[in-house]
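Novice: give the three-dimensional model of this entry:
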Amino acid sequence: MAGEEVVASPVSDEDEDKYIQSYIHIIIMIRRKVENTEDIVLEVVLLFADVTSIIGAFSVLVAFWRLKLLRNHVTRVISCFCITSFIKDLIAFILTLTKASETNSFSCYLYAIVITYGSLSCWLWTLCLAISIYLLIVKRYQEIEKLEKYYFFACWGLPIISTVTMLAENTVEFVGSWCWIGTEYTGYRFGLFYGPFLLIFLLAAILVGMTCHYTYQVIHKGVSENKDKHMSYQFKLVNYIFVFLICWIFAVINRILNSLGSYPYAINLLHTYFSVSHGFYASVVFVYNNPLLWRYIGAKVLKVFTVFGFCLETAQVLEKNKNNNNPSPYSSSRGAAKNSGNNNGMFSGEEDGDCANDNIKVGADIPMGELSPPMPSIDIDTSTGTTTTDEDSSSSPSAGPGNV
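Specialist: Next up, the predicted model:
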(Lines give C-alpha, C1' and ligand atoms only; values in the text may rest on other atoms or scores of the structure.)
Protein backbone atom coordinates (compact mmCIF):
# COMPACT_ATOMS: atom_id res chain seq x y z
CA MET A 1 0.00 0.00 0.00
CA ALA A 2 0.97 3.63 -0.48
CA GLY A 3 3.16 4.99 2.27
CA GLU A 4 3.89 1.59 3.74
CA GLU A 5 7.52 1.16 4.74
CA VAL A 6 9.48 -1.83 3.54
CA VAL A 7 11.47 -3.42 6.32
CA ALA A 8 14.58 -5.43 5.30
CA SER A 9 14.75 -8.85 6.75
CA PRO A 10 17.71 -9.26 9.13
CA VAL A 11 20.71 -11.34 7.96
CA SER A 12 21.08 -14.48 9.94
CA ASP A 13 24.33 -15.34 11.69
CA GLU A 14 24.72 -18.33 9.38
CA ASP A 15 24.51 -16.16 6.26
CA GLU A 16 26.94 -13.67 7.74
CA ASP A 17 29.48 -16.43 8.40
CA LYS A 18 29.12 -17.56 4.78
CA TYR A 19 29.83 -14.04 3.51
CA ILE A 20 32.91 -13.74 5.71
CA GLN A 21 34.22 -17.14 4.65
CA SER A 22 33.71 -16.27 0.97
CA TYR A 23 35.54 -12.99 1.45
CA ILE A 24 38.45 -14.71 3.23
CA HIS A 25 38.60 -17.35 0.49
CA ILE A 26 38.83 -14.66 -2.21
CA ILE A 27 41.58 -12.85 -0.30
CA ILE A 28 43.54 -16.09 0.12
CA MET A 29 43.23 -16.90 -3.59
CA ILE A 30 44.43 -13.42 -4.57
CA ARG A 31 47.32 -13.61 -2.15
CA ARG A 32 48.40 -17.02 -3.43
CA LYS A 33 48.27 -15.74 -6.99
CA VAL A 34 50.38 -12.72 -6.07
CA GLU A 35 52.88 -14.91 -4.21
CA ASN A 36 53.12 -17.27 -7.17
CA THR A 37 53.73 -14.31 -9.46
CA GLU A 38 56.41 -12.96 -7.12
CA ASP A 39 58.09 -16.36 -6.98
CA ILE A 40 58.11 -16.57 -10.78
CA VAL A 41 59.60 -13.08 -11.06
CA LEU A 42 62.30 -13.96 -8.53
CA GLU A 43 63.16 -17.14 -10.40
CA VAL A 44 63.38 -15.33 -13.75
CA VAL A 45 65.57 -12.60 -12.23
CA LEU A 46 67.78 -15.24 -10.60
CA LEU A 47 68.26 -17.14 -13.86
CA PHE A 48 68.91 -13.92 -15.79
CA ALA A 49 71.53 -12.80 -13.28
CA ASP A 50 73.23 -16.20 -13.40
CA VAL A 51 73.35 -16.20 -17.21
CA THR A 52 74.78 -12.68 -17.48
CA SER A 53 77.42 -13.44 -14.84
CA ILE A 54 78.40 -16.64 -16.65
CA ILE A 55 78.72 -14.79 -19.97
CA GLY A 56 80.66 -11.92 -18.41
CA ALA A 57 83.20 -14.10 -16.59
CA PHE A 58 83.59 -16.42 -19.59
CA SER A 59 84.22 -13.48 -21.96
CA VAL A 60 86.97 -12.07 -19.74
CA LEU A 61 88.61 -15.48 -19.38
CA VAL A 62 88.58 -16.09 -23.14
CA ALA A 63 90.05 -12.64 -23.79
CA PHE A 64 92.84 -13.19 -21.26
CA TRP A 65 93.54 -16.59 -22.80
CA ARG A 66 93.75 -15.20 -26.34
CA LEU A 67 95.64 -12.01 -25.49
CA LYS A 68 98.97 -13.15 -24.14
CA LEU A 69 100.00 -9.52 -23.81
CA LEU A 70 97.64 -9.23 -20.85
CA ARG A 71 99.08 -12.11 -18.90
CA ASN A 72 100.56 -10.65 -15.74
CA HIS A 73 100.01 -10.69 -12.01
CA VAL A 74 96.88 -8.53 -11.81
CA THR A 75 95.16 -10.26 -14.71
CA ARG A 76 95.90 -13.58 -13.05
CA VAL A 77 94.12 -12.32 -9.93
CA ILE A 78 91.18 -11.19 -12.06
CA SER A 79 91.19 -14.52 -13.89
CA CYS A 80 90.96 -16.39 -10.59
CA PHE A 81 88.00 -14.20 -9.62
CA CYS A 82 86.32 -14.94 -12.97
CA ILE A 83 87.00 -18.68 -12.75
CA THR A 84 85.43 -18.82 -9.28
CA SER A 85 82.46 -16.71 -10.35
CA PHE A 86 81.94 -18.76 -13.53
CA ILE A 87 81.88 -22.11 -11.70
CA LYS A 88 79.68 -20.75 -8.90
CA ASP A 89 77.09 -19.24 -11.23
CA LEU A 90 77.07 -22.18 -13.63
CA ILE A 91 76.28 -24.69 -10.87
CA ALA A 92 73.70 -22.33 -9.35
CA PHE A 93 72.06 -21.83 -12.75
CA ILE A 94 71.71 -25.58 -13.30
CA LEU A 95 70.30 -26.16 -9.81
CA THR A 96 67.81 -23.29 -10.19
CA LEU A 97 66.71 -24.37 -13.66
CA THR A 98 66.18 -28.01 -12.70
CA LYS A 99 64.64 -27.15 -9.28
CA ALA A 100 66.60 -30.10 -7.92
CA SER A 101 67.44 -28.31 -4.67
CA GLU A 102 63.74 -28.16 -3.70
CA THR A 103 63.35 -31.94 -3.43
CA ASN A 104 66.86 -33.42 -3.30
CA SER A 105 68.89 -33.01 -0.13
CA PHE A 106 72.24 -33.43 -1.89
CA SER A 107 71.37 -30.72 -4.42
CA CYS A 108 70.23 -28.47 -1.60
CA TYR A 109 73.52 -28.87 0.24
CA LEU A 110 75.44 -28.37 -2.99
CA TYR A 111 73.58 -25.09 -3.63
CA ALA A 112 74.43 -23.85 -0.13
CA ILE A 113 78.09 -24.82 -0.58
CA VAL A 114 78.28 -23.03 -3.94
CA ILE A 115 76.81 -19.82 -2.52
CA THR A 116 78.90 -19.74 0.66
CA TYR A 117 82.23 -20.93 -0.69
CA GLY A 118 81.97 -19.21 -4.09
CA SER A 119 80.88 -15.83 -2.75
CA LEU A 120 83.51 -15.73 0.00
CA SER A 121 86.19 -16.71 -2.51
CA CYS A 122 85.15 -13.95 -4.95
CA TRP A 123 85.21 -11.38 -2.13
CA LEU A 124 88.70 -12.46 -1.11
CA TRP A 125 89.97 -12.23 -4.69
CA THR A 126 88.59 -8.67 -4.78
CA LEU A 127 90.55 -7.90 -1.61
CA CYS A 128 93.70 -9.41 -3.14
CA LEU A 129 93.19 -7.19 -6.18
CA ALA A 130 93.08 -4.13 -3.91
CA ILE A 131 96.22 -5.32 -2.13
CA SER A 132 98.13 -5.80 -5.37
CA ILE A 133 97.14 -2.44 -6.83
CA TYR A 134 98.13 -0.70 -3.59
CA LEU A 135 101.51 -2.43 -3.49
CA LEU A 136 102.24 -1.75 -7.15
CA ILE A 137 101.24 1.91 -7.21
CA VAL A 138 101.98 3.20 -3.72
CA LYS A 139 104.76 0.90 -2.52
CA ARG A 140 106.13 0.09 -5.99
CA TYR A 141 106.61 -3.49 -4.87
CA GLN A 142 108.73 -5.27 -7.48
CA GLU A 143 108.17 -8.93 -6.59
CA ILE A 144 104.39 -8.99 -6.49
CA GLU A 145 104.19 -12.44 -8.12
CA LYS A 146 105.59 -13.97 -4.93
CA LEU A 147 102.30 -13.17 -3.20
CA GLU A 148 100.25 -15.35 -5.55
CA LYS A 149 100.75 -18.57 -3.59
CA TYR A 150 99.42 -16.83 -0.49
CA TYR A 151 96.47 -15.49 -2.49
CA PHE A 152 95.62 -19.01 -3.64
CA PHE A 153 95.70 -20.32 -0.09
CA ALA A 154 93.62 -17.46 1.32
CA CYS A 155 91.01 -17.18 -1.42
CA TRP A 156 90.45 -20.86 -2.05
CA GLY A 157 91.29 -22.12 1.43
CA LEU A 158 89.71 -19.80 3.99
CA PRO A 159 86.13 -20.11 2.63
CA ILE A 160 86.28 -23.80 3.53
CA ILE A 161 86.06 -22.82 7.23
CA SER A 162 82.66 -21.14 6.87
CA THR A 163 81.41 -23.81 4.49
CA VAL A 164 82.32 -26.75 6.75
CA THR A 165 80.93 -24.99 9.83
CA MET A 166 77.64 -24.34 8.01
CA LEU A 167 77.33 -28.02 7.10
CA ALA A 168 78.50 -29.34 10.48
CA GLU A 169 75.90 -27.29 12.36
CA ASN A 170 73.12 -28.60 10.08
CA THR A 171 71.83 -25.11 9.29
CA VAL A 172 71.06 -25.65 5.58
CA GLU A 173 67.50 -25.57 4.30
CA PHE A 174 65.52 -24.35 1.29
CA VAL A 175 64.91 -20.63 1.83
CA GLY A 176 62.75 -19.69 -1.15
CA SER A 177 64.88 -19.15 -4.23
CA TRP A 178 67.85 -21.27 -3.18
CA CYS A 179 69.24 -23.36 -0.34
CA TRP A 180 71.28 -21.67 2.33
CA ILE A 181 71.48 -21.09 6.08
CA GLY A 182 67.94 -21.14 7.52
CA THR A 183 66.13 -18.02 8.69
CA GLU A 184 66.25 -19.14 12.32
CA TYR A 185 70.06 -19.21 12.27
CA THR A 186 70.72 -15.46 12.13
CA GLY A 187 73.93 -15.76 14.12
CA TYR A 188 75.40 -18.22 11.65
CA ARG A 189 74.33 -16.07 8.71
CA PHE A 190 76.27 -13.09 9.97
CA GLY A 191 79.07 -14.96 11.69
CA LEU A 192 79.93 -17.19 8.74
CA PHE A 193 78.98 -14.98 5.80
CA TYR A 194 77.99 -11.34 6.20
CA GLY A 195 80.45 -10.62 8.99
CA PRO A 196 83.39 -11.69 6.78
CA PHE A 197 81.86 -9.67 3.93
CA LEU A 198 81.87 -6.47 5.98
CA LEU A 199 85.44 -7.10 7.13
CA ILE A 200 86.70 -7.86 3.61
CA PHE A 201 84.94 -4.84 2.14
CA LEU A 202 86.31 -2.56 4.88
CA LEU A 203 89.89 -3.70 4.26
CA ALA A 204 89.54 -3.39 0.49
CA ALA A 205 87.96 0.07 0.79
CA ILE A 206 90.81 1.26 3.03
CA LEU A 207 93.43 0.06 0.55
CA VAL A 208 91.60 1.62 -2.39
CA GLY A 209 91.24 4.87 -0.44
CA MET A 210 94.97 4.96 0.34
CA THR A 211 95.78 4.29 -3.31
CA CYS A 212 93.46 7.05 -4.51
CA HIS A 213 94.87 9.47 -1.93
CA TYR A 214 98.37 8.77 -3.20
CA THR A 215 97.47 9.26 -6.88
CA TYR A 216 95.45 12.37 -6.01
CA GLN A 217 98.49 13.94 -4.40
CA VAL A 218 100.63 13.05 -7.40
CA ILE A 219 98.08 14.57 -9.78
CA HIS A 220 97.31 17.74 -7.80
CA LYS A 221 100.78 18.71 -6.55
CA GLY A 222 102.07 20.16 -9.81
CA VAL A 223 102.97 16.86 -11.42
CA SER A 224 100.42 17.03 -14.25
CA GLU A 225 99.28 20.00 -16.31
CA ASN A 226 96.04 18.24 -17.30
CA LYS A 227 94.73 17.38 -13.86
CA ASP A 228 91.07 17.28 -14.83
CA LYS A 229 91.78 14.73 -17.54
CA HIS A 230 93.06 12.30 -14.95
CA MET A 231 89.71 11.98 -13.18
CA SER A 232 88.96 8.93 -15.32
CA TYR A 233 92.23 7.46 -14.05
CA GLN A 234 91.01 7.94 -10.49
CA PHE A 235 87.63 6.46 -11.36
CA LYS A 236 89.22 3.33 -12.78
CA LEU A 237 91.07 2.83 -9.52
CA VAL A 238 87.87 2.72 -7.47
CA ASN A 239 85.04 1.50 -9.71
CA TYR A 240 85.51 -2.20 -8.99
CA ILE A 241 85.19 -1.63 -5.23
CA PHE A 242 81.97 0.34 -5.77
CA VAL A 243 80.61 -2.57 -7.79
CA PHE A 244 81.56 -4.86 -4.91
CA LEU A 245 79.58 -2.74 -2.45
CA ILE A 246 76.52 -2.10 -4.64
CA CYS A 247 76.14 -5.76 -5.55
CA TRP A 248 76.07 -6.89 -1.91
CA ILE A 249 74.69 -4.00 0.12
CA PHE A 250 71.08 -5.05 -0.59
CA ALA A 251 71.86 -8.56 0.62
CA VAL A 252 73.16 -7.19 3.91
CA ILE A 253 70.10 -4.93 4.33
CA ASN A 254 67.75 -7.79 3.47
CA ARG A 255 69.31 -10.16 6.00
CA ILE A 256 69.20 -7.52 8.73
CA LEU A 257 65.48 -7.00 8.04
CA ASN A 258 64.94 -10.77 7.98
CA SER A 259 66.54 -11.06 11.40
CA LEU A 260 63.95 -8.52 12.64
CA GLY A 261 61.08 -10.55 11.19
CA SER A 262 60.54 -8.37 8.10
CA TYR A 263 60.60 -9.79 4.57
CA PRO A 264 60.05 -6.92 2.08
CA TYR A 265 59.71 -8.24 -1.45
CA ALA A 266 61.42 -5.29 -3.15
CA ILE A 267 64.57 -5.61 -1.06
CA ASN A 268 64.57 -9.36 -1.58
CA LEU A 269 64.34 -8.83 -5.34
CA LEU A 270 67.25 -6.37 -5.31
CA HIS A 271 69.22 -8.76 -3.11
CA THR A 272 68.61 -11.61 -5.54
CA TYR A 273 69.56 -9.70 -8.67
CA PHE A 274 72.59 -7.72 -7.56
CA SER A 275 74.28 -10.38 -5.41
CA VAL A 276 74.05 -12.96 -8.19
CA SER A 277 75.10 -10.36 -10.80
CA HIS A 278 78.38 -9.54 -9.05
CA GLY A 279 80.33 -11.59 -11.58
CA PHE A 280 78.70 -9.77 -14.49
CA TYR A 281 79.25 -6.22 -13.24
CA ALA A 282 82.79 -7.02 -12.13
CA SER A 283 83.51 -8.35 -15.63
CA VAL A 284 82.07 -5.18 -17.17
CA VAL A 285 84.41 -3.11 -14.98
CA PHE A 286 87.41 -5.26 -15.93
CA VAL A 287 86.64 -4.77 -19.62
CA TYR A 288 85.93 -1.04 -19.23
CA ASN A 289 89.21 -0.45 -17.43
CA ASN A 290 91.27 -2.09 -20.17
CA PRO A 291 91.02 -0.69 -23.73
CA LEU A 292 92.93 -3.65 -25.15
CA LEU A 293 90.33 -5.96 -23.64
CA TRP A 294 87.23 -4.12 -24.79
CA ARG A 295 88.65 -3.47 -28.26
CA TYR A 296 89.28 -7.18 -28.66
CA ILE A 297 85.83 -8.21 -27.38
CA GLY A 298 84.15 -5.39 -29.33
CA ALA A 299 85.81 -6.47 -32.57
CA LYS A 300 84.57 -10.03 -32.06
CA VAL A 301 81.02 -9.01 -31.13
CA LEU A 302 80.61 -6.55 -34.03
CA LYS A 303 81.53 -9.23 -36.54
CA VAL A 304 78.01 -10.56 -36.09
CA PHE A 305 76.48 -7.19 -37.07
CA THR A 306 78.78 -6.54 -40.01
CA VAL A 307 77.31 -9.58 -41.76
CA PHE A 308 74.06 -7.58 -42.03
CA GLY A 309 75.81 -4.35 -43.00
CA PHE A 310 75.69 -2.65 -39.60
CA CYS A 311 78.50 -1.00 -37.63
CA LEU A 312 80.98 -1.43 -40.49
CA GLU A 313 83.05 1.67 -39.72
CA THR A 314 83.20 0.99 -36.00
CA ALA A 315 84.12 -2.64 -36.61
CA GLN A 316 86.97 -1.59 -38.92
CA VAL A 317 88.39 0.79 -36.31
CA LEU A 318 88.20 -1.83 -33.56
CA GLU A 319 89.64 -4.53 -35.79
CA LYS A 320 92.57 -2.26 -36.70
CA ASN A 321 93.24 -1.35 -33.07
CA LYS A 322 92.21 -4.47 -31.18
CA ASN A 323 95.83 -5.47 -30.59
CA ASN A 324 97.18 -1.98 -29.88
CA ASN A 325 98.52 -2.05 -26.38
CA ASN A 326 98.52 1.30 -24.59
CA PRO A 327 101.15 1.80 -21.88
CA SER A 328 100.13 0.98 -18.35
CA PRO A 329 99.61 3.98 -16.08
CA TYR A 330 101.74 2.10 -13.57
CA SER A 331 104.68 1.68 -15.92
CA SER A 332 106.44 4.96 -15.27
CA SER A 333 106.07 4.70 -11.50
CA ARG A 334 107.61 1.25 -11.59
CA GLY A 335 110.52 2.18 -13.80
CA ALA A 336 109.28 0.18 -16.78
CA ALA A 337 110.32 1.13 -20.27
CA LYS A 338 108.00 3.86 -21.43
CA ASN A 339 108.28 3.05 -25.10
CA SER A 340 107.81 -0.65 -24.81
CA GLY A 341 104.97 -2.24 -26.74
CA ASN A 342 104.55 -4.82 -24.04
CA ASN A 343 102.85 -2.74 -21.41
CA ASN A 344 99.65 -3.96 -19.96
CA GLY A 345 97.09 -1.48 -21.22
CA MET A 346 95.65 -0.87 -17.81
CA PHE A 347 93.50 2.20 -17.08
CA SER A 348 94.12 3.81 -20.45
CA GLY A 349 91.42 4.91 -22.78
CA GLU A 350 90.43 7.23 -25.59
CA GLU A 351 88.95 9.79 -23.23
CA ASP A 352 92.36 10.17 -21.59
CA GLY A 353 94.20 11.01 -24.77
CA ASP A 354 94.95 14.59 -23.80
CA CYS A 355 96.86 13.32 -20.82
CA ALA A 356 99.42 11.67 -23.06
CA ASN A 357 101.10 15.00 -23.67
CA ASP A 358 101.38 16.02 -20.03
CA ASN A 359 104.53 17.84 -19.07
CA ILE A 360 105.54 15.43 -16.34
CA LYS A 361 107.44 16.99 -13.49
CA VAL A 362 108.91 15.63 -10.31
CA GLY A 363 107.16 17.36 -7.42
CA ALA A 364 109.62 17.69 -4.61
CA ASP A 365 106.91 18.99 -2.32
CA ILE A 366 104.93 15.78 -2.39
CA PRO A 367 105.46 13.79 0.81
CA MET A 368 106.01 10.49 -0.98
CA GLY A 369 109.71 10.09 -0.43
CA GLU A 370 112.76 11.74 -1.89
CA LEU A 371 111.46 11.43 -5.43
CA SER A 372 107.79 11.45 -6.27
CA PRO A 373 106.83 9.08 -9.06
CA PRO A 374 105.70 10.86 -12.22
CA MET A 375 102.06 10.71 -13.14
CA PRO A 376 101.67 7.83 -15.53
CA SER A 377 101.01 8.84 -19.11
CA ILE A 378 97.79 7.69 -20.68
CA ASP A 379 98.00 7.30 -24.44
CA ILE A 380 95.15 7.91 -26.86
CA ASP A 381 94.01 5.13 -29.14
CA THR A 382 94.67 5.77 -32.80
CA SER A 383 93.95 3.73 -35.86
CA THR A 384 97.43 4.29 -37.23
CA GLY A 385 100.88 4.94 -35.91
CA THR A 386 100.67 2.53 -32.99
CA THR A 387 102.51 -0.70 -32.55
CA THR A 388 100.32 -3.70 -33.18
CA THR A 389 100.98 -7.12 -31.79
CA ASP A 390 99.37 -10.37 -32.84
CA GLU A 391 96.97 -11.67 -30.19
CA ASP A 392 98.94 -14.88 -29.97
CA SER A 393 102.28 -13.13 -29.67
CA SER A 394 104.61 -14.77 -27.20
CA SER A 395 106.37 -11.53 -26.20
CA SER A 396 106.71 -11.15 -22.48
CA PRO A 397 104.62 -8.35 -20.92
CA SER A 398 105.98 -5.97 -18.35
CA ALA A 399 105.45 -7.09 -14.80
CA GLY A 400 102.60 -5.42 -13.02
CA PRO A 401 98.90 -4.81 -13.32
CA GLY A 402 96.99 -5.22 -16.53
CA ASN A 403 93.51 -4.18 -15.53
CA VAL A 404 91.04 -4.05 -12.71
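Novice: got any ranges where the chain has weak pLDDT?
Specialist: 1-35, 222-230, 318-404 (pLDDT under 70).
Novice: which stretches of it form helices?
Specialist: For the chain, the helices defined by DSSP state H occupy 13-66, 73-98, 105-137, 148-157, 159-168, 186-189, 195-218, 231-259, 265-276, 278-288, 291-306, 312-321.
Novice: for Phe174, which of the ones you listed is the nearest?
Specialist: helix 105-137 (5.9 Å; Cβ to Cβ). Placement of C-beta: from N, CA and C, glycine included.
Novice: and the closest one, what does it pack against?
Specialist: Counting contacts by 3 or more Cβ pairs under 8 Å, 6 or more residues apart in numbering; DSSP states H and E, helix 105-137 is packed against helix 73-98, helix 148-157, helix 159-168, strand 172-174, strand 179-181, helix 195-218, helix 231-259, helix 278-288.
Novice: okay, these in TSV with mean neighbour count next?
Specialist: Below are the helices and strands packed on helix 105-137 laid out as TSV (neighbours: other Cβ atoms under 10 Å):
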stretch	mean neighbour count
helix 73-98	22
helix 148-157	14
helix 159-168	17
strand 172-174	18
strand 179-181	25
helix 195-218	17
helix 231-259	18
helix 278-288	24
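Novice: quick one: the ones you listed as JSON lines, columns for distance to Tyr265 too.
Specialist: Output for the helices and strands packed on helix 105-137, formatted as JSON lines (distance: least, Cβ to Cβ, whole Å):
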{"stretch": "helix 73-98", "distance to Tyr265": "18"}
{"stretch": "helix 148-157", "distance to Tyr265": "34"}
{"stretch": "helix 159-168", "distance to Tyr265": "26"}
{"stretch": "strand 172-174", "distance to Tyr265": "18"}
{"stretch": "strand 179-181", "distance to Tyr265": "18"}
{"stretch": "helix 195-218", "distance to Tyr265": "23"}
{"stretch": "helix 231-259", "distance to Tyr265": "10"}
{"stretch": "helix 278-288", "distance to Tyr265": "21"}
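Novice: give the contact list for the nearest residue to Thr186 once chain neighbours are set aside.
Specialist: Using Cβ to Cβ, 6 or more residues apart in numbering and skipping residues adjacent in sequence, the residue nearest Thr186 is Ser259, 4.3 Å away. By Cβ atoms under 8 Å, 6 or more residues apart in numbering, the contact list for Ser259 reads Thr186, Arg189, Phe190.
Novice: kindly report the same for Phe81.
Specialist: Contacts of Phe81 by Cβ under 8 Å, 6+ apart are Cys122, Trp125, Thr126, Leu129, Ala282.
Novice: distance of the fourth one relative to Leu147?
Specialist: Read it as Leu129. 12 Å (Cβ to Cβ, to the nearest Å).
Novice: mind listing what Ile113 touches?
Specialist: Ile113 neighbours (Cβ under 8 Å, 6+ apart): Thr163, Leu167.
Novice: at 6 Å instead, please
Specialist: With contact set as Cβ atoms under 6 Å, 6 or more residues apart in numbering, Ile113 has these partners: Thr163.
Novice: which non-adjacent residue is nearest Tyr185?
Specialist: In this structure, Tyr185 finds its nearest non-sequential neighbour in Thr171, 4.4 Å apart by Cβ to Cβ, 6+ apart.
Novice: what do you get for Ala154?
Specialist: Ala154's closest residue in space is Leu124 (Cβ to Cβ, 6+ apart), at 5.8 Å.
Novice: these two touch, right, the one you found and Cys155?
Specialist: Yes - Leu124 lies in contact with Cys155 (Cβ atoms under 6 Å); the separation is 4.1 Å.
Novice: how many neighbouring residues does Asn289 have?
Specialist: 25 (other Cβ atoms under 10 Å).
Novice: tally of neighbours for Lys298?
Specialist: Not quite, residue 298 is Gly, not Lys. Counted by other Cβ under 10 Å, the residues lying close to Gly298 total 20.
Novice: again, but for the one 4 residues further on
Specialist: Other residues near Leu302 number 19, with proximity taken as other Cβ under 10 Å.
Novice: just list the residues touching it, thanks.
Specialist: Leu302 neighbours (Cβ under 6 Å, 6+ apart): Cys311, Ala315.
Novice: equivalent analysis for Leu127, please.
Specialist: Going by Cβ under 6 Å, 6+ apart, the list of residues near Leu127 reads Ile200, Leu203, Ala204.
Novice: same list (the residues you listed) but as CSV, adding distance to Leu237.
Specialist: Converted to CSV, these look like this (distance: Cβ to Cβ, whole Å):
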residue, distance to Leu237
Ile200, 18
Leu203, 16
Ala204, 12
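Novice: for Ile54, state which of the residues you listed is nearest.
Specialist: Of all those, Ile54 sits closest to Ile200, with 23.3 Å by Cβ to Cβ.
Novice: now do the same contact list for the closest one.
Specialist: With Cβ under 6 Å, 6+ apart, Ile200 has these contacts: Trp123, Leu127.
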